[in-house]
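Asker: Okay, sequence plus prediction incoming.
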Amino acid sequence: LTVNLDIDSTLSVAQAFTGTATLNGTTITSTNSSSSGTQNLFYLDNAASTGVTESLLVIDNSDTDTAVTNAIEFVNAGGGFTNLFNVAGTTITSAEFTLLDGRDTALVDTTDAVTTAIVGTGALDSGSITSNFGAINIGADNFTTTGSVLGNAIDRSTAGSLTVGATTATSITLGSASVTALTVTTDGTGDAEVSLPTGSIGTSEILDNTVSATDLSATLTFADGDILNLSSINVDTTSEGFIAPQNTSCAGATAEGQLCWDSDTDALYMGNGATTTLVGGSGGGDITSVTAGTGLAGGGVSGDVTLNISAADSSITVNADDIAVNQAFGFTFTGNNAFTPSGTNDLTVNLDIDSTLSVAQAFTGTATLNGTTITSTNSSSSGTQ
């Protein structure tokens with residue numbers, strides 16, 4: 001059936017509904033018994049011409065009193081619809097189309113969602129964000145979760161301080177039993193780049209025998225009540241115990257209580273605030289000068305030094321085994337004095353031909369006294385004495 005209309009003609013179908021019956025207006029029914037080919041029930045075609053057709057299908061509600069419930073209604077009374085729409089080869093199924101139900105925000109293609117912001121309301125359900133989703137920028141808002149945040153790095157988007165657990169956290173756990181190393185990296189430009197609260201590291205948390213002299217302060221000052229106890233060291237090798245500070249000269253170690261071992265003389269010195277005092281050892285050292293005192297001659301400031309009896313007229317002569325007085329010389333004794341030869345040695349007084357031996361004795365007072373007394377005790381058994 002072909003209906004041809006000229007340029008100023010229209011085909012109109014008018015349908016009036018009255019009463020309460022359920023009715024359909026113009027109904028076109030097609031019974032498709034074909035086994036192949038493509039069949040379309042209602043086909044609108046805009047034939048080639050010079051004019052511009054704005055719409056091939058216009059649905060209008062001219063009734064100003066009531067609204068049309070559904071402009072287009074799909075009724076599935078049988079086998080359903082594989083696709084609701086086919087837009088130049090792109091199909092839209094019923095499940096895809098119904099995703100629009102209840103939406104009041106802009107739609108974004110899933111491909112663009114990786115690099116384009118998705119603006120919406122409400123929370124994202126589990127599984128809403130998967131791999132390849134891309135960056136998530138929540139601005140100044142908080143990211144809240146009761147689960148774990150997993151990933152390979154946590155950082156700031158701009159330079160600045162990164163804060164972890166500064167509001168409500170009461171403890172922070174880093175790592176697990178599987179962690180083999182914990183590395184803290186800084187620019188290494190100053191002290192205290194890793195700051196911990198005072199007393200936060202106990203002795204059990206420091207690996208034994210790992211703190212060396214370079215890790216300590218150049219000066220260690222202990223408080224009253226502290227003690228440096230080395231009594232548990234059983235010294236039996238040169239690699240244990242206490243070795244005092246050493247120098248070839250301890251002259252500069254004058255601080256009060258300062259110890260110094262003189263490695264040249266093998267002597268221990270202690271400072272007293274002004275100078276050093278020999279504590280142990282021989283002291284030793286080099287004699288830098290010898291000064292001849294009263295009655296002596298010689299001395300010097302270098303080399304081998306000799307001291308001699310100073311007597312210009314040779315009145316006193318010092319020999320290897322005796323001292324000779326060669327002129328008048330007086331000895332004044334106080335108290336009781338005795339010349340006693342040791343052992344079997346003799347006491348001999350030699351006088352030359354014109355010399356005499358005089359003993360002067362003065363008595364005073366009322367005591368009974370003897371002058372010069374020569375006493376001989378003869379215990380010999382023969383001979384002439």
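Answerer: Sure thing, it's come through. Residues are numbered from 1 along each chain as shown.
Asker: which regions of the stretch 101-250 of the chain sit below the pLDDT cut-off?
Answerer: Across the stretch 101-250 of the chain, residues meeting the criterion (pLDDT under 70) sit at 106-128, 133.
Asker: All the strands of it, in order from the start?
Answerer: In the stretch 101-250 of the chain, the strands defined using DSSP state E, counting those that start in this stretch lie at 246-247.
Asker: try the stretch 251-385 of the chain
Answerer: Secondary structure of the stretch 251-385 of the chain (DSSP E, counting those that start in this stretch): strands at 259-262, 267-271, 276-280, 290-291, 296-300, 307-309, 316-318, 323-325.
Asker: which helices and strands does the fourth one pack with?
Answerer: This means strand 290-291. Applying 3 or more CB pairs under 8 Å, 6 or more residues apart in numbering; DSSP states H and E, we find strand 290-291 packed against strand 296-300. C-beta here means a position set from N, CA and C on the backbone, and glycine is covered the same way.
Asker: Give me the mean pLDDT for the strand it packs on.
Answerer: The pLDDT scores in strand 296-300 average 84.
Asker: That one: how far from the chain's middle?
Answerer: How far strand 296-300 lies from its chain's middle: 67 Å, per CA atoms, centre = their mean, to the nearest Å.
Asker: Touching that strand from outside, list them.
Answerer: Contacts of strand 296-300 with the rest of the structure, by CB atoms under 8 Å, 6 or more residues apart in numbering, involve 289-292, 305-310.
Asker: So which of the residues you listed is the closest to T248?
Answerer: S289 (20.8 Å; CB to CB).
Asker: neighbours around that closest one, how many?
Answerer: With neighbours defined by other CB atoms under 10 Å, the count for S289 comes to 9.
Asker: Repeat that for T145.
Answerer: Residues near T145, counting by other CB under 10 Å, number 6.
Asker: quick one: it from N152, how far?
Answerer: 18 Å (CB to CB, to the nearest Å).
Asker: Same check on A297?
Answerer: 95 Å.
Asker: higher neighbour count, the two?
Answerer: In this view A297 and N152 are compared by other CB under 10 Å, and A297 has more residues nearby, 13 against 4.
Asker: which residues does T277 contact?
Answerer: If you count contacts by CB under 8 Å, 6+ apart, T277 has them with 269-271.
Asker: Now, of those, which are buried?
Answerer: Buried residues within these, counting neighbours by 16 or more other CB atoms under 10 Å: 269-271.
Asker: Can I get the strands of the stretch 251-385 of the chain in JSON lines including distance to F222?
Answerer: Converted to JSON lines, those look like this (distance: least, CB to CB, whole Å):
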{"stretch": "strand 259-262", "distance to F222": "16"}
{"stretch": "strand 267-271", "distance to F222": "18"}
{"stretch": "strand 276-280", "distance to F222": "22"}
{"stretch": "strand 290-291", "distance to F222": "47"}
{"stretch": "strand 296-300", "distance to F222": "50"}
{"stretch": "strand 307-309", "distance to F222": "52"}
{"stretch": "strand 316-318", "distance to F222": "60"}
{"stretch": "strand 323-325", "distance to F222": "62"}
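Asker: wait, which of those strands is closest to T20?
Answerer: Once the strands of the stretch 251-385 of the chain are compared by CB to CB, strand 259-262 is nearest, at 120.7 Å.
Asker: What are the contacting residues of that closest one?
Answerer: So strand 259-262 is in contact with 244-250, 253, 267-271, 276, 281, going by CB under 8 Å, 6+ apart.
Asker: And the residues you listed, which of them are buried?
Answerer: The neighbour-count test (16+ other CB under 10 Å) marks 250, 253, 267-271, 276 as buried among the contacts of strand 259-262.
Asker: which of these sit farthest apart?
Answerer: Of all pairs drawn from the buried ones among the contacts of strand 259-262, the one with the longest distance (CB to CB) is A267 and G271, at 13.8 Å.
Asker: Tell me, what's the model's pLDDT at F329?
Answerer: At F329 the predicted local confidence, pLDDT, stands at 63.
Asker: dump the residue contacts of the one residue sitting closest to the centre of the chain.
Answerer: Against the mean C-alpha coordinate of the chain, by CA atoms, centre = their mean, the closest residue is V194 at 5.7 Å. The neighbours of V194, taking CB under 8 Å, 6+ apart as the test, are 184, 186.
Asker: Now do the phi/psi pair for it.
Answerer: Main-chain torsions, V194, degrees, to the nearest 10: phi -120, psi 110.
Asker: Pull up the gap between it and N209, please.
Answerer: Note on V194: its distance to N209, by CB to CB, is 22 Å.
Asker: what do you get for D352?
Answerer: To N209, D352 is 87 Å away according to CB to CB.
Asker: And for T90?
Answerer: Distance of T90 to N209, given as CB to CB: 74 Å.
Asker: cool, and E54?
Answerer: With distances defined as CB to CB, the gap from E54 to N209 amounts to 91 Å.
Asker: what's the neighbour count on I309?
Answerer: Around I309 there are 14 residues (other CB under 10 Å).
Asker: need the contact list for it.
Answerer: Contacts for I309 were tallied using CB under 8 Å, 6+ apart; they are 295-297, 316-318.
Asker: Look up which residues are beta-bridged to it.
Answerer: Applying DSSP bridges to I309 yields these beta-bridge partners: L296.
Asker: Would you mind naming the helix or strand containing N86?
Answerer: For N86, the element it lies in under DSSP states H and E is strand 85-87.
Asker: In the sheet, which strands lie alongside that strand, parallel or antiparallel?
Answerer: According to DSSP bridges, the neighbouring strands of strand 85-87, each with its direction, are strand 90-92 (antiparallel).
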